[in-house]
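> Pasted the sequence and its predicted model underneath.
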Amino acid sequence: MAAAEIAIRNAKEKEQRKKEKAPNRAEDVEAGSPMDHGSMASARGHPTLSPPSAVPDERVWKLPYQQKVEKVYTSFSVQIGVAALIFGNFLVSALEKQLLPTPDSTAQ
């Protein structure tokens with residue numbers, strides 16, 4: 001029983017050390033650190049993404065109709081349509097491979 005208690009205590013200590021090492025992204029964003037608003041490099045040099053709450057809602061539209069196209073493309077019906085096209089392509093490819101004979105077969 002003592003070994004199990006030691007293992008649990010060691011696991012808790014390890015978790016506590018991990019929490020102390022990890023930066024708190026919410027505090028970084030609120031404080032206005034250089035890592036907020038989609039900065040692509042963290043303090044360790046690894047690419048990071050900001051949490052959705054830190055991304056500003058204002059966008060700069062560079063092309064004409066870009067905002068309208070985004071609204072249409074991200075609509076539910078268009079996404080279902082694109083998914084149906086992808087799935088249909090998969091089915092047609094699978095049927096093609098099943099129905100067409102291989103080049104070295106003697107079937108006509």
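Received, thanks.
> Can you tell me how far residue 9 is from residue 104?
Distance of residue 9 to residue 104, computed by C-beta to C-beta, to the nearest Å: 66 Å. (Each C-beta comes from the backbone N, C-alpha and C, glycine too.)
> Those two: which is more packed in?
residue 9 (10 against 5; other C-beta atoms under 10 Å).
> tell me which element that one falls in.
If you go by DSSP states H and E, residue 9 is part of helix 2-21.
> Now that helix - C-alpha only, CSV.
The C-alpha coordinates for helix 2-21 follow below in CSV (Å, rounded to 0.1, in the frame of the first residue of the first chain):
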residue,chain,number,x,y,z
ALA,A,2,2.9,2.4,0.7
ALA,A,3,4.2,2.0,-2.9
ALA,A,4,0.8,3.0,-4.3
GLU,A,5,0.7,6.1,-2.1
ILE,A,6,4.2,7.1,-3.1
ALA,A,7,3.2,6.7,-6.8
ILE,A,8,0.1,8.8,-6.4
ARG,A,9,2.1,11.5,-4.5
ASN,A,10,4.8,11.5,-7.2
ALA,A,11,2.1,11.8,-10.0
LYS,A,12,0.5,14.8,-8.2
GLU,A,13,3.9,16.5,-7.8
LYS,A,14,4.7,15.9,-11.4
GLU,A,15,1.4,17.4,-12.5
GLN,A,16,1.9,20.4,-10.2
ARG,A,17,5.4,21.0,-11.7
LYS,A,18,3.9,20.8,-15.2
LYS,A,19,1.3,23.4,-14.3
GLU,A,20,3.9,25.7,-12.9
LYS,A,21,6.0,25.4,-16.1
